[in-house]
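Asks: Generate a structure from the sequence data that follows.
(one chain, ligands or ions: 1)
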Amino acid sequence: MNDTVANQQRNTIAEQLANSGVSRRRFLQFCAALVAAAPAGLALTGQASASQVARSVGRSIRPYVIWLHLQDCTGCTESLLHASQPDVASLIFDLISLDYHETLMAASGHQAESVLEHAVAANRGNFILVVEGAIPTTDQASYMKIAGKPALDVLRHIGSQAALLIAIGSCSSWGGIAAASPNPSNAVGVSEILKDKAVISLPGCPPNPYTFLSVVLEYAAMHRLPALDAINRPKFAYDRLIHEDCPRRGHFDAGRFASIYGDEGHRQGWCLYKLGCKGPVTHAACSTRHFNDVPNAWPIGIGAPCIGCTEKSAAFQIPLFQVVDIHSITPPEALPSVELPVQKSQTAAALVVGAIAGAAATAAAVAVRRLPGRDKPAESEDLEELEKLGALEPKDTDRDSEPR
Ligand code: SF4
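Replies: Model prediction:
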């Protein structure tokens, strides 16, 4: 944490970035990535360029954030911190004022408790509470305690004073892995405890860090929340099935499946449906927004089936290798239809046709990433455009480290 706790002067994000020596170019790169990651459904990024987002964000007061760890593995925090570009990871802590975070703060014991009390008192009704982890409720909620108090009581006490609640990860959204059958601690999500408060759910194991940042910055810069679906997930990140935009979708449509790990189909990058992939029932943006700024860094991208971690009815409820029912076998409009499969009776000609159709569909599946409304300029294109407009310093690597 860069600066903690109560009584600090409220400064804007631009002022904080300048104080921290973050260059304008670095900040614009981050904003371009934000636009690319959350292109639709947000007032902040919906129709905006990176420079417009930078202006809106820069003028905003840094939102105060208190982050509680309950019954969790800390994976959501790890995902946020492990951006492949260290600059982005460090930038995050200039964009938000992270006043309490047990994993990251130096304080511990009584000192940490004092920090929490001061952070809540100084920003009562004005802070964002992020909760990572489930809440055990059985046996007087005694399965998890913080400073001798049940986590359930800590959440009730702090949550009642927050301006906005964000349940980050599947565990805080509905219990996640802690609530897997037989759920011995009767773990539940935040919305089950704070029923009279609006809770934004960002399920995922872990969720994409850009989704979290987009929600927080929308709130800070635009004073509004993104459109939510029926279970309070932001639509911009959870409105489509993974199966719809999956780069292996062409193989699914052509009937080409990996049957066991390491077989020919698996080595060739074919569809993982028969290995238990839950992509056809899972709403998430993993297939188009990968993790840690690394291309293909997501489960299906590295050959592992989707486990459905953003769906309460799938993750940790359906066995990993059990196949799910397909409710919609129609390829998205952006994909060409293909004739299905051809198993034992395949002829050489059918194989050739299938291969061509599958390749076309796979290419189209990649192209679907640039559906109307989602096709913001890529980061480098956006930066070039900004440079042409004179909005950036010249491309001089010596100057990249200069403060703004
Ligand atoms: Fe991709 Fe899984 Fe759908 Fe196959 S079943 S296309 S691997 S999401």
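Asks: rest of the way, CA atoms for contacts and neighbours
Replies: OK.
Asks: which residues of the stretch 1-150 of the chain score low on pLDDT?
Replies: Low-confidence segments of the stretch 1-150 of the chain, defined by pLDDT under 70: 1-9, 37-40, 83-89.
Asks: Could I get the full set of strands for it?
Replies: Along the stretch 1-150 of the chain, the stretches classed as strands by DSSP state E, counting those that start in this stretch are 64-69, 97-101, 127-132, 145-146, 149-150.
Asks: Those strands: which one's closest to the ligand?
Replies: With C-alpha to the nearest ligand atom as the criterion, the ligand lies closest to strand 127-132 of these, at 26.6 Å.
Asks: Next, the buried residues of that closest one.
Replies: Within strand 127-132, the residues scored as buried using 16 or more other C-alpha atoms under 10 Å are Phe127, Ile128, Leu129, Val130, Val131, Glu132.
Asks: same deal with stretch 171-187?
Replies: Cys171, Ser172, Ser173, Trp174, Gly175, Gly176, Ile177, Ala178, Ala179, Ser185, Asn186, Ala187.
Asks: wait, which of the strands of the stretch 1-150 of the chain is closest to Asn19?
Replies: strand 97-101 (13.6 Å; C-alpha to C-alpha).
Asks: Give me the packing partners of that closest one, helices and strands only.
Replies: Counting contacts by 3 or more C-alpha pairs under 8 Å, 6 or more residues apart in numbering; DSSP states H and E, strand 97-101 packs against strand 64-69, helix 109-122.
Asks: Relative to it, what are the paired strands and their orientations?
Replies: Within its sheet, and counting by DSSP bridges, strand 97-101 is paired with strand 64-69 (parallel).
Asks: Compute the inter-axis angle for the partner strand and helix 109-122.
Replies: On the basis of axes from the mean of the first three to the mean of the last three C-alpha atoms, to 10 degrees, strand 64-69 is oriented at 140 degrees to helix 109-122.
Asks: Contacts for strand 64-69, please.
Replies: With C-alpha atoms under 8 Å, 6 or more residues apart in numbering as the test, strand 64-69 has contacts from 96-102, 116, 119, 123, 126-133.
Asks: Tell me who's in contact with Ala285.
Replies: Ala237, Tyr238, Arg240, Leu241, Ile242.
Asks: which bits of the stretch 251-400 of the chain sit near the ligand?
Replies: Phe252, Cys271, Leu272, Tyr273, Cys277, Gly279, Pro280 (C-alpha under 6 Å from any ligand atom).
Asks: Reformat these as a markdown table; add neighbour count, distance to Ala227 and secondary structure.
Replies: Conversion of these to a markdown table gives the following (neighbours: other C-alpha atoms under 10 Å; distance: C-alpha to C-alpha, whole Å; DSSP: H, G, I helix; E, B strand; the rest coil):
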| residue | neighbour count | distance to Ala227 | secondary structure |
| --- | --- | --- | --- |
| Phe252 | 26 | 31 | helix |
| Cys271 | 27 | 32 | strand |
| Leu272 | 28 | 32 | coil |
| Tyr273 | 25 | 31 | helix |
| Cys277 | 24 | 28 | coil |
| Gly279 | 26 | 23 | helix |
| Pro280 | 21 | 23 | helix |
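Asks: what about the closest residue to the ligand within the stretch 51-200 of the chain, distance to Ser142?
Replies: Closest contact between the stretch 51-200 of the chain and the ligand, by C-alpha to the nearest ligand atom, is at Ser170 (19.2 Å). Distance of Ser170 to Ser142, given as C-alpha to C-alpha, to the nearest Å: 21 Å.
Asks: quick one, which of those two is more surrounded?
Replies: Neighbour totals were compared for Ser170 and Ser142, and Ser170 leads with 30 against 15 (other C-alpha atoms under 10 Å).
Asks: backbone phi and psi for the more buried one, please?
Replies: phi -70, psi -30 (degrees, to the nearest 10).
Asks: likewise Lys197?
Replies: Reported as degrees, to the nearest 10, the phi and psi values for Lys197 are phi -110, psi 150.
Asks: okay, now it: neighbour count?
Replies: Lys197: 15 surrounding residues under other C-alpha under 10 Å.
Asks: same deal with Ala112?
Replies: 17.
Asks: just Trp298 next, same as before
Replies: 19.
Asks: Val323 contacts Pro280, correct?
Replies: No - the criterion here is C-alpha atoms under 8 Å, and Val323 misses it with Pro280 at 9.8 Å.
Asks: Show me which residues of the stretch 101-250 of the chain are close to the ligand?
Replies: Ile242, His243, Cys246, Arg248, Arg249.
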